[in-house]
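In: just to be clear, the model below is a prediction. Sequence and coordinates:
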2 protein chains.
Amino acid sequence: MERHRLVKGESFVARAASRKQVTIYDIADRAGTSASTVGAVLNGSWRNRRISAKRANSIQLIADEMGYAPNMQARALRSDRSRMIGMILPMYDNRYFGAIAERFEVEVRARGLLPMTSCTRRDPDLELATVRQMLSYNVDRIVCTGATDPDGIARLCEAQGVPTINLDLPGSVAPSVISDNFSGAYRLTAALIARATADGRQWQEDLLFVGGRPSDHNTSERIRGFRQAILDAKAAPIDENILVCGYAAHKSRSAFAAHVTATGHVPSAIFVNSTISLEGVVDWLGQHHRDALDTTLFGSFDWDPFAQYMAQNLFSVRQDVPAMMDEMFKIIDSDLQPKAEVIQVEPIVVSA
Amino acid sequence: MERHRLVKGESFVARAASRKQVTIYDIADRAGTSASTVGAVLNGSWRNRRISAKRANSIQLIADEMGYAPNMQARALRSDRSRMIGMILPMYDNRYFGAIAERFEVEVRARGLLPMTSCTRRDPDLELATVRQMLSYNVDRIVCTGATDPDGIARLCEAQGVPTINLDLPGSVAPSVISDNFSGAYRLTAALIARATADGRQWQEDLLFVGGRPSDHNTSERIRGFRQAILDAKAAPIDENILVCGYAAHKSRSAFAAHVTATGHVPSAIFVNSTISLEGVVDWLGQHHRDALDTTLFGSFDWDPFAQYMAQNLFSVRQDVPAMMDEMFKIIDSDLQPKAEVIQVEPIVVSA
DNA sequence: TCATCTTGCGCAATCGATGGTGCTTAAGCT
DNA sequence: AGCTTAAGCACCATCGATTGCGCAAGATGA
């Protein structure tokens, strides 16, 4: 009657016992119809194939009863669409990326797709390797979050016909959704300056910027905002007070330690370019100038609940993840060929 | 000559232009050999198939040149092994689960497999739906981290012949790797008591436990450790001082607020059953008893860097993620049918 | 009554990789 | 020389779902 059964001479019971999935052929057998009809009913294309509602219902019933779930490998192989969306992101060690991953998964699942997130530790080679692997699995699209080389990835994917979107860090090949880093940094710096001024501190000489990477678009935009806010406060930015030492906690820690040692005092206000960098600064202060934790003004680009409680005087920029994801899924949902534009979302400044 | 080419009459250039993957058939054409030979060479099984090294080399060369990457859908469909390992976990909002996800991905990738992690928000239905989806994609194995119903999931997977492992929360159907929650809680409580005693505090009446779920194995083990440490300190555990109100920050916040309101004072020492619950407690204290943040003794089951700096008097239990993952991958790597045993890993108590 | 639609569905090729089976040709042995 | 054995590959069915095409039976119209 039917190829599997005939060829391998196995009964449905035998199949079940061998722990395999129920297939459309099994259902076709049971329903006394053909696999193509079953397939059409179960993937929803049955109306176009002029299959009667009565038959569709009965097949659906049998399928439910047998606990059918489509074999996505087979479906993907045939249809050339895997219904998976990949996402790479740098780390799971802060609330920003955590929120992105979580929200991404919710939204993707809401669209009946399978999210495939993977953290690539800010390592360009790992990013590429991961993307290649995702391509091997035929993902329908890839979201590159905070990628070190978004354009390289975009080109690789483009060659396979897989669209990409950049998140957090912009690229020039694919569309990007990022925070308005200039504005966020400007407002954060301005808030620090306003508070410092109100407190009667002499911030002009020692206002410090710590963390980030020189090659990183976000870092340079934030530095630009930092400097502009200083200029607008009628002071002069000081190059030695900008420590672009990487994001990792141990790097900001040692850069900050060296700076304090060199200048001989703890700055009155510090703009830290990520929560993970803040970790390094705070760790060093906790060990060497514990009291400074309560007196220093902190500005953190990215928000963390405990950081917020930790310091009396912490201002944070909280990036608007829901808004960013909305923008991103607007692009994903519109099936238009997306332009390589950069969409900026205003982040939120959280006051001390 | 070859089926694809013949049937569809398309050249290699046409294929490339249509942005499709290079297949073993394309390579076979180029190498003037058969697809099965190419396949065997490229998947490494060529020695068993008695293919000469010379031919293998030349095929490998051509494949590299053409940028071949196997179509994993096809491979999975045929071989019934997808080379994907799924992992569900509750949240990305704390360092513990973040570290688990990160380490999991590293280890899985080191084995040439594809990690598929997904956060299921402590929602039983979402857990099951996600697992079903993963099964549809034929994952080779599923790791259930902090699952609310690990046995239900294990049985579902077992029916499909997919092995599972429980992490963080134990089950009875599949093997489990968890922290020794009793010991961790016991030692954490003992540390709190020792410090409280040294400080001359009257902790016997108000030592508090906040957070977790009654149905949750970890919570009950931690409570057991908490009580035992109190007993061993020659005091009596007080049921009203154990608030099992869920993990979420807003739940611990209101439970804690109600407790303080009812008793009329902030406890001298508080055992909080997760960093996210600590967030709620600290948030309320910050708003209503800011000074208590510096005087109260905190014990946190789970570690967070900023929480550690925030409070002068915070003890934490830091679960030993690397050790746990080692145990887990020992099970995964041994192809033996794993027994449903529970492996406990000693966590680390971090002092204030 | 016969030709033409329309409805309802089955057939079979196909996606790319895998692996059992079997066919050549060359080498080894008596 | 004749026969066995092994080396080196090619052929083809198969995994499960999708989809263009075609066939049969009933409905409609002239």
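Out: Perfect, thanks for sending it. Given the structure is predicted, the values throughout are model-derived calculations rather than measurements.

In: what about A:Ala147, neighbour count?
Out: 28 (other C-beta atoms under 10 Å in any protein chain shown). All C-beta spots, glycine's among them, are computed from the backbone N, C-alpha and C.

In: let me redo that: A:Ala101
Out: Burial of A:Ala101 is recorded as 26 neighbouring residues (other C-beta under 10 Å).

In: quick one: low-confidence parts of chain A?
Out: Along chain A, the parts satisfying pLDDT under 70 run over A:1-19, A:336.

In: interface residues of it facing DNA strand C?
Out: Residues of chain A found near DNA strand C (C-beta under 7 Å from any atom of the strand) are A:32-37, A:49-52, A:54-55, A:74, A:77-78, A:80.

In: can you rerun that using 10 Å?
Out: Within chain A, the positions near DNA strand C by C-beta under 10 Å from any atom of the strand are A:1-3, A:24, A:28, A:31-41, A:46-56, A:58-59, A:73-80, A:136, A:138.

In: near DNA strand D, which of these show up?
Out: A:2-3, A:24, A:28, A:34-41, A:46, A:48-51, A:73-80.

In: weed out the non-buried ones from the residues you listed.
Out: A:24, A:28, A:35, A:37-41, A:46, A:51, A:73-77 (16 or more other C-beta atoms under 10 Å in any protein chain shown).

In: which pair in those residues spans the largest distance?
Out: Farthest-apart pair in these is A:Ile51 and A:Gln73; separation 25.0 Å (C-beta to C-beta).

In: neighbours of A:Ala262, just the number please.
Out: 8.

In: actually A:Ser136, not the one I typed
Out: For A:Ser136, the count of nearby residues is 18 (other C-beta under 10 Å).

In: so who does it touch?
Out: B:69-72 (C-beta atoms under 8 Å, 6 or more residues apart in numbering or on different chains).

In: at 10 Å instead, please
Out: By C-beta atoms under 10 Å, 6 or more residues apart in numbering or on different chains, the contact list for A:Ser136 reads A:160, B:21, B:69-73, B:75, B:83, B:114.

In: roughly how far apart are A:Pro163 and B:Pro237?
Out: Distance, A:Pro163 to B:Pro237, using C-beta to C-beta, to the nearest Å: 59 Å.

In: picking up where we left off before, closest one of the buried ones among the ones next to DNA strand D among the residues of chain A next to DNA strand C to B:Ser183?
Out: A:Gln73 (43.9 Å).

In: does that closest one touch B:Leu77 like I think?
Out: Yes. Assessed by C-beta atoms under 10 Å, A:Gln73 is found in contact with B:Leu77 at 4.3 Å.

In: return every residue with contacts to both of those two.
Out: Contacts common to A:Gln73 and B:Leu77, judged by C-beta under 10 Å, 6+ apart, are B:71, B:138.

In: from start to finish, how long is stretch A:22-38 in a straight line?
Out: Counting by C-alpha to C-alpha, to the nearest Å, you get 12 Å between the two ends of stretch A:22-38.

In: how far is that stretch from where the chain is centred?
Out: 41 Å (C-alpha atoms, centre = their mean, to the nearest Å).

In: now swap in stretch A:237-245 and tell me
Out: Counting by C-alpha atoms, centre = their mean, stretch A:237-245 is centred 28 Å from the centre of its parent chain.

In: one step back: which of the buried ones among the ones next to DNA strand D among the residues of chain A next to DNA strand C come close to chain B?
Out: Checking those against chain B by C-beta under 10 Å from any C-beta of the partner chain, the ones in range are A:73-77.

In: now the residue nearest to A:Ser34 when sequence neighbours are not counted: which helix or strand?
Out: Residue nearest to A:Ser34 in three dimensions, not counting chain neighbours: A:Ala28, with 5.6 Å by C-beta to C-beta, 6 or more residues apart in numbering or on different chains. Assigned by DSSP states H and E, A:Ala28 falls within helix A:24-31.

In: state the next helix or strand along the chain beyond that helix.
Out: Counting by DSSP H and E, the next helix or strand C-terminal to helix A:24-31 is helix A:35-43.

In: relative to helix A:24-31, how tilted is that next one?
Out: For helix A:35-43 against helix A:24-31, the angle by axes from the mean of the first three to the mean of the last three C-alpha atoms, to 10 degrees is 100 degrees.

In: which is the next helix or strand following helix A:35-43?
Out: Past helix A:35-43, the next helix or strand by DSSP H and E is helix A:53-66.

In: now that next one: buried residues?
Out: Residues of helix A:53-66 classed as buried: A:56, A:59-60, A:62-63, A:66 (neighbour count, 16+ other C-beta under 10 Å).

In: now flag whichever of these is closest to DNA strand D.
Out: Of all the buried residues of helix A:53-66, A:Ala63 has the smallest distance to DNA strand D: 9.6 Å, by C-beta to the nearest atom of the strand.

In: isn't that closest one up against A:Gln21?
Out: No. Using C-beta under 10 Å as the test, A:Ala63 is too far from A:Gln21 to be in contact (12.0 Å).

In: ok, A:Leu231 - contacts?
Out: Counted by C-beta under 10 Å, 6+ apart, A:Leu231 has contacts A:Pro237.

In: show me what counts as buried in the helix or strand hosting it.
Out: Using DSSP H and E, A:Leu231 maps to helix A:217-232. For helix A:217-232, a neighbour-count test (16+ other C-beta under 10 Å) marks A:217-223, A:225-230 as buried.

In: number of residues surrounding the closest residue to A:Cys245 other than its chain neighbours?
Out: Leaving aside its chain neighbours, A:Cys245 sits nearest to A:Ala255 (3.7 Å; criterion: C-beta to C-beta, 6+ apart). For A:Ala255, the count of nearby residues is 20 (other C-beta under 10 Å).

In: next structured bit after the helix or strand hosting A:Ala255?
Out: Assigned by DSSP H and E, A:Ala255 belongs to helix A:249-263. Next along the chain after helix A:249-263, taking DSSP H and E as the criterion, comes strand A:269-272.

In: show the subsequent helix or strand relative to that next one.
Out: helix A:275-288.

In: how far off helix A:249-263 does that next one point, in degrees?
Out: Going by the same axes, to 10 degrees, helix A:275-288 makes 50 degrees with helix A:249-263.

In: how far does helix A:275-288 sit from its chain's centre?
Out: Computed by C-alpha atoms, centre = their mean, the chain-centroid distance of helix A:275-288 equals 25 Å.

In: same question, stretch A:300-308
Out: Stretch A:300-308 sits 18 Å away from the centroid of its parent chain (C-alpha atoms, centre = their mean).

In: same deal with stretch A:202-210?
Out: On C-alpha atoms, centre = their mean, the centre of stretch A:202-210 falls 32 Å from the chain's centre.
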